[in-house]
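Colleague: Predicted model, plus sequence, below.
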Amino acid sequence: MSRLHEESVVVDGLQINNWSREVLEELRSGGISGVNATCAVWEGPDETLRSVADWYRLAREHADLVTLGTTADDIRKAKEEGRVAVLLGFQNTSPFGDDFRLVEVFARLGVRIAQLTYNIQNLVGGSCYEPEDSGLTRFGRTIVAEMNRVGMLVDLSHVGNRTSRDAIDASSRPVAITHSNPTWFYDSPRNKPDEVIRALAARGGVIGCCLYPNVIGGERATLEEFCGMVARLVEQIGAEHVAIGSDCTRNWDDDFVGWLRNGRWQAPSDPAPTWPAWPGWFDGPEHFPRLTEGLAATGLDEDAIRGVLGENWLRLFDDVLVGEPVR
């Protein structure tokens with residue numbers, strides 16, 4: 001592990017692992033001090049409460065490795081202590097049901113990030129896979145405003161382009177794309193066109209460049225290609241707006257990817273989906289030091305690399321994850 005990597009505060013914009021002590025040890029071995037950990041995708045309010053409770057128990061049982069955080073300072077402190085600060089996040093607004101008041105409830109329980117949609121239209125807006133993107137709904141505008149009020153970060157990663165632009169404009173705070181890439185790098189509905197990325201950056205937001213095989217071109221994508229994409233994006237929108245969101249999926253079997261793809265909104269796929277193969281240079285959080293090496297090879301200076309590795313997430317969290325005083 002290089003000096004630069006060891007000294008940097010490394011933050012991963014999103015992981016969706018089946019969490020265990022072994023997975024937490026992988027994060028620590030990769031030098032990661034902070035992570036947005038998905039605790040709900042299709043779940044409604046009741047199931048999500050149980051998922052949050054599971055995290056409370058996991059953090060209590062492995063307190064030497066992990067702490068539940070709600071601010072950037074919690075991540076900075078975890079770095080000093082040699083632990084991982086977990087910020088709980090949703091990849092959907094289904095945990096709020098049809099009740100805006102649950103935004104504050106989950107914020108008080110420690111949830112700090114919520115993606116507006118997953119892979120289908122919901123009450124808030126359109127997803128990236130809908131043939132026609134509805135844009136942000138009236139309920140969606142209420143949810144964004146409430147997230148702004150309580151200090152919860154708006155995530156646009158699986159969100160449709162029209163809904164993304166609406167949310168960027170509607171939000172009084174900067175927003176994030178925690179785990180996507182530019183469409184000029186790989187043309188996928190999950191990646192973002194320049195107009196969305198530029199609008200995000202213009203309002204102070206951050207995009208987490210994603211390593212999931214389906215958004216980088218598969219297992220044949222090279223470290224040089226990925227890091228070259230990051231460097232070009234830094235040049236395009238500014239170093240302060242670019243970060244990493246790996247979308248790591250450790251410790252799951254193929255049944256879970258079927259759940260992610262299908263939820264309850266359609267019948268199981270036939271044949272059943274399987275996880276895509278990751279490139280040999282990155283298949284888990286322990287390989288984060290390789291990203292630092294690859295970024296250095298592009299010619300980015302150390303300040304820019306530190307920003308991409310984590311400082312840009314920290315700055316965004318400082319700006320956003322502070323809500324109104326609780327009364």
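Modeller: On my side now, so go ahead. Numbers count the residues shown, from 1 in each chain.

Colleague: Which stretches in the stretch 101-250 of the chain count as helices?
Modeller: Counting by DSSP state H, counting those that start in this stretch, the stretch 101-250 of the chain has these helices, from start to end: 101-108, 138-150, 161-170, 194-202, 223-237.

Colleague: For the residue nearest to Y186 when sequence neighbours are not counted, grab the count of nearby residues.
Modeller: If you skip the residues right next to it in sequence, Y186 has G217 as its closest partner in space, 4.8 Å away by CB to CB, 6 or more residues apart in numbering. C-beta coordinates here come from the backbone N, C-alpha and C atoms, glycine included. Around G217 sit 17 other residues, with neighbours defined as other CB atoms under 10 Å.

Colleague: hmm, back to that, is it possible to export the helices of the stretch 101-250 of the chain to JSON lines including mean neighbour count and distance to L309?
Modeller: Formatted as JSON lines, the entries for these read as follows, by neighbours: other CB atoms under 10 Å; distance: least, CB to CB, whole Å:
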{"stretch": "helix 101-108", "mean neighbour count": "18", "distance to L309": "27"}
{"stretch": "helix 138-150", "mean neighbour count": "19", "distance to L309": "26"}
{"stretch": "helix 161-170", "mean neighbour count": "21", "distance to L309": "25"}
{"stretch": "helix 194-202", "mean neighbour count": "18", "distance to L309": "18"}
{"stretch": "helix 223-237", "mean neighbour count": "19", "distance to L309": "10"}
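
Colleague: Same list (those helices) but as JSON lines, adding mean pLDDT and distance to G34.
Modeller: As requested, those are exported to JSON lines (pLDDT from 0 to 100; distance: least, CB to CB, whole Å):
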{"stretch": "helix 101-108", "mean pLDDT": "98", "distance to G34": "18"}
{"stretch": "helix 138-150", "mean pLDDT": "98", "distance to G34": "20"}
{"stretch": "helix 161-170", "mean pLDDT": "98", "distance to G34": "24"}
{"stretch": "helix 194-202", "mean pLDDT": "98", "distance to G34": "21"}
{"stretch": "helix 223-237", "mean pLDDT": "98", "distance to G34": "19"}
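
Colleague: Please name whichever of those is nearest to D255.
Modeller: Each of those was scored for nearness to D255 using CB to CB, and the closest is helix 101-108 (26.4 Å).

Colleague: who touches that closest one?
Modeller: 45, 48, 52, 90, 95-96, 114, 143, 146-147, 149-152, 323, 326 (CB atoms under 8 Å, 6 or more residues apart in numbering).

Colleague: again with stretch 42-50
Modeller: The contact list for stretch 42-50, computed with CB under 8 Å, 6+ apart, reads 39-40, 51, 90, 92, 94-97, 99, 102, 106, 109, 118, 259, 263-264.

Colleague: what's the average pLDDT for that stretch?
Modeller: When pLDDT is averaged along stretch 42-50, the result is 98.

Colleague: Dump that stretch to CSV, keeping only the CA atoms.
Modeller: In CSV, the C-alpha atoms belonging to stretch 42-50 read as follows (Å, rounded to 0.1, in the frame of the first residue of the first chain):
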residue,chain,number,x,y,z
TRP,A,42,-37.1,-2.7,-2.5
GLU,A,43,-38.1,-2.8,1.2
GLY,A,44,-41.0,-0.9,2.7
PRO,A,45,-40.9,0.8,6.1
ASP,A,46,-41.3,-2.2,8.3
GLU,A,47,-38.6,-4.3,6.6
THR,A,48,-36.3,-1.4,6.5
LEU,A,49,-36.6,-0.9,10.3
ARG,A,50,-35.4,-4.5,10.7
